[in-house]
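Colleague: just need the structure, nothing else, for what follows:
(2 chains)
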Amino acid sequence: MHVDKDLVAASATPLVLAILAEGENYGYAILKRVRALSAGELEWTDGMLYPLLHRLGRLGYVTTEWRTSPEGRRRKYYAITDEGRAALADQQRQWLAVTRALNDVWPGAMLTAFGEA
Amino acid sequence: MESLEARIAEWRAYVGGAPGVNGHDLDELEDHLRHQITELSAAGLTADEGFLIAVKRLGDVDGLSREFAREHSGRLWKQLLQGGEDEPARASSDWVETLAFAAAAAVAVQIARLAADAPDEEPNWLVRNISLFVLPFLAAFFARRRQLDVRGWLLTAIPFALAALAVNLYPWGADSSTEMLAALHLPVVLWFAVAYPYMGGTLLSHERRMDFVRFTGEWFIYYVLIALGGGVLMGLTAAILEPTGADVDQIAAWVVPSGAAGAVIVAAWLVEAKQRVVENMAPVLTMLFTPLFAVMLAGAAVVYAATGLGDAFDRDLVGVFDALLVVVLALVLYGMSARDPSTSPDWMDRIQLVAVVSALVLDVMVLGTMVARIGDLGFSPNRTAALGLNLVLLVNLAGAAWLSARFLMRRSTLHRLERWQTTYLPVFALWAATVVVMLPLLFSFD
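Modeller: The predicted structure is shown next:
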């Protein structure tokens, strides 16, 4: 299945925030987590994650820190802030509203989808 | 492995050459790339195959650099330079257009001077109106470049028309100080009016406002450079022509005003077209001058706090103080606009805070003295204008000091601080407009 580009873009922020809410992380691992969570159905262009992370940083949703990776390379770690958690909660409410509405018009389809998951 | 290192180095150089991507971004992307290659190698691919796939997955460089540039609006111009999707790449006809606008501004100034019999006479109306002969051309220059529609052009023209009506229809008294104040504040008002076409007909975007702040700083640098070059040129011309008996003063009296008017447009064009040059220079200049100003301000704040402003404090000194505060604010604003927002607080931010807090202390002292003077002598146009300016600065500096202290303690983000400044910009414009339009009415054009 191919998920529409706009939908991927819209879900990117809540997904990344949610992953960071699990604990601080760096770019590559965040992408792997996205792939695992969506079973490969969300197609991200790897590079685009970074401008997104920087945007979250500018908005104060995440903090960043350069550290040295086990392989000895410089690696940038991202951690969620309280504001980021608040934004995530807000996003969750919005997505719930959307899924609830969709669920009401497509009762069968959504239930099956949830059943599979 | 040798060849993989070479390929990664090549890739780095290539992506690093793309506008909008800086060194830190590259480090981060390289870490990603290497991670991916290692993982693919573990899955059985050769290093070369892994490299190709990893690079492909990162996405094409144009799209990537556009995303980075969009996120870091400070680097947004680079995206425009490389011909982003919004704005068509510009040809060399740019030059012709720029020169046409510059020449138009120069001619307008000369016509005004002829009408005024300058340089023998310098009537007040010329002094009042001089910015109205130059800045409309700058506004039109940007309105054209940003391809504004008819509505955009009209909205661009309105502030200029209103300002022209106000300063020319008001019945100014003889030796009127409100008239001088209006002449002094009008260029500021009109400069903010240029912001509208510069920002492409939007006023609400904070990113664009920051772009305008950056533009202002860089325009100033270019203008000073052009003025210096022009000064050298005029000096040499004078030295060469002197023996021939030509009237050098007469020539200078014609060339200098035209040059000064034309340079306003040319500098604006240079900021847009030759951004790369000034981008290397401007952060260095702010880094050089911010500490110097911080030391000077802190020294002044300590000295005046110890001795008090006392009797030494007269009208001229108020002017000096206000000029100083405005320069500090401009330096701080510009430094912020040129700063990479993704980095954490460093020593420059501390120095800026020192400068802002010292300026705040000085401002409070100036205000105290001024309130006392007004208590003694009552309101006059000059005192009112100075009081207003100091209040406007006080609020701005207090907000900036509070937010940058919180930023340094990592309780807040640079974004907040930037928002505070960009939100505050209209206050400056409104205050300048008040001095031009309202103050003369309040003091019956005295």
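Colleague: could you use CA atoms for every contact and neighbour count after this?
Modeller: Will do.
Colleague: contact partners for residue B:47?
Modeller: For residue B:47, the contact set (C-alpha atoms under 8 Å, 6 or more residues apart in numbering or on different chains) comprises B:1, B:4, B:37-38, B:41.
Colleague: buried ones in the helix or strand hosting residue B:394?
Modeller: Secondary-structure element containing residue B:394, defined by DSSP states H and E: helix B:381-408. For helix B:381-408, the buried set under the neighbour-count rule, 16 or more other C-alpha atoms under 10 Å in any protein chain shown, comprises B:381-390, B:393-394, B:396-401, B:403-408.
Colleague: can you classify residue A:63 by secondary structure?
Modeller: The assignment at residue A:63 comes out as strand when based on DSSP: H, G, I helix; E, B strand; the rest coil.
Colleague: any idea how far residue B:345 is from it?
Modeller: Separation of residue A:63 from residue B:345 (C-alpha to C-alpha, to the nearest Å) stands at 12 Å.
Colleague: ok, residue A:52 next?
Modeller: If you measure residue A:52 against residue B:345 using C-alpha to C-alpha, the figure is 21 Å.
Colleague: and what of residue B:18?
Modeller: Counting by C-alpha to C-alpha, the gap from residue B:18 to residue B:345 is 27 Å.
Colleague: circling back to that earlier point, tabulate the contacts of residue B:47 (a markdown table), appending distance to residue B:71.
Modeller: Listed next are the contacts of residue B:47 as a markdown table, based on distance: C-alpha to C-alpha, whole Å:
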| residue | distance to residue B:71 |
| --- | --- |
| B:1 | 35 |
| B:4 | 31 |
| B:37 | 27 |
| B:38 | 29 |
| B:41 | 33 |
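Colleague: tell me which of those fall in helices.
Modeller: Using DSSP state H, the members of the contacts of residue B:47 that fall in helices are B:4, B:37-38, B:41.
Colleague: ok and the residue in the stretch 51-200 of chain B nearest chain A?
Modeller: Here the stretch 51-200 of chain B gets closest to chain A at one residue, residue B:58, 4.3 Å apart by C-alpha to the nearest C-alpha.
Colleague: so that residue is in contact with residue A:47, correct?
Modeller: Yes. In this structure residue B:58 lies within contact range of residue A:47 using C-alpha atoms under 8 Å: 4.3 Å.
Colleague: please identify which of the two sits among more neighbours.
Modeller: With neighbours defined as other C-alpha atoms under 10 Å in any protein chain shown, residue B:58 and residue A:47 compare such that residue A:47 has more, 27 against 19.
Colleague: which pLDDT value goes with the more buried one?
Modeller: Looking at residue A:47, its pLDDT reads 81.
Colleague: that older thread, more crowded one of residue A:63 and residue B:345?
Modeller: Neighbour totals were compared for residue A:63 and residue B:345, and residue A:63 leads with 23 against 16 (other C-alpha under 10 Å).
Colleague: got the residues of chain A near chain B?
Modeller: With the criterion set to C-alpha under 8 Å from any C-alpha of the partner chain, chain A comes near chain B through A:27-28, A:45-48, A:50-52, A:54-55, A:57-60, A:73-76.
Colleague: can you turn the buried part of these into a ChimeraX selection?
Modeller: Provided next is the ChimeraX selection string for whichever of those are buried by 16+ other C-alpha under 10 Å:
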select /A:27,28,46,47,48,50,51,52,54,55,57,58,59,60,74,75,76
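Colleague: so which of the residues of chain A next to chain B sit within strands?
Modeller: Counting by DSSP state E, the part of the residues of chain A next to chain B found in strands is A:74-76.
Colleague: residue ranges with poor pLDDT in the stretch 201-350 of chain B?
Modeller: Counting by pLDDT under 70, the stretch 201-350 of chain B contains low-confidence ranges at B:275-280, B:309-315, B:340-343.
Colleague: quick check, central residue of the chain?
Modeller: In the absence of a named chain, chain A is used. Nearest to the centroid of the C-alpha atoms of chain A, with distances taken as C-alpha atoms, centre = their mean, sits residue A:15, at 1.6 Å.
Colleague: give me the buried stretch members for the lengthiest helix in chain B, please.
Modeller: Taking DSSP H as the assignment, the helix of chain B that covers the most residues is helix B:206-241. Neighbour counts over helix B:206-241 (16+ other C-alpha under 10 Å) mark B:206-223, B:226-227, B:230, B:234, B:238 as buried.
Colleague: next one: stretch A:17-36
Modeller: Of all the residues in stretch A:17-36, those buried under the rule 16+ other C-alpha under 10 Å are A:17-21, A:25-28, A:30-31, A:33-34.
Colleague: looking at those, which is nearest chain B?
Modeller: The nearest member of those to chain B, counting by C-alpha to the nearest C-alpha, is residue A:28 at 5.4 Å.
Colleague: list the contacts of that closest one.
Modeller: Shown in contact with residue A:28 (C-alpha under 8 Å, 6+ apart): B:32, B:35-36.
Colleague: kindly indicate which of the residues you listed lies nearest residue B:158.
Modeller: Using C-alpha to C-alpha, residue B:32 is the member of those that lies nearest residue B:158, at 52.1 Å.
Colleague: so who does that closest one touch?
Modeller: Contact analysis of residue B:32 by C-alpha under 8 Å, 6+ apart lists A:27-28.
Colleague: with just CA atoms, put the strand or helix carrying it into PDB.
Modeller: Taking DSSP H and E as the criterion, residue B:32 maps to helix B:23-42. As requested, the backbone C-alpha atoms of helix B:23-42 are provided in PDB (Å, rounded to 0.1, in the frame of the first residue of the first chain):
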ATOM      1  CA  GLY B  23      28.500  22.400   8.300                       C
ATOM      2  CA  HIS B  24      26.400  21.100  11.200                       C
ATOM      3  CA  ASP B  25      23.700  19.800   8.800                       C
ATOM      4  CA  LEU B  26      26.400  18.000   6.900                       C
ATOM      5  CA  ASP B  27      27.800  16.300  10.000                       C
ATOM      6  CA  GLU B  28      24.400  15.100  10.900                       C
ATOM      7  CA  LEU B  29      23.600  13.900   7.400                       C
ATOM      8  CA  GLU B  30      27.000  12.200   7.100                       C
ATOM      9  CA  ASP B  31      26.400  10.300  10.400                       C
ATOM     10  CA  HIS B  32      23.100   9.200   8.900                       C
ATOM     11  CA  LEU B  33      24.700   8.100   5.700                       C
ATOM     12  CA  ARG B  34      27.500   6.100   7.400                       C
ATOM     13  CA  HIS B  35      24.900   4.400   9.700                       C
ATOM     14  CA  GLN B  36      22.900   3.400   6.700                       C
ATOM     15  CA  ILE B  37      26.000   2.100   4.800                       C
ATOM     16  CA  THR B  38      27.100   0.000   7.800                       C
ATOM     17  CA  GLU B  39      23.700  -1.500   8.100                       C
ATOM     18  CA  LEU B  40      23.400  -2.300   4.400                       C
ATOM     19  CA  SER B  41      26.900  -3.800   4.500                       C
ATOM     20  CA  ALA B  42      25.900  -6.000   7.300                       C
END
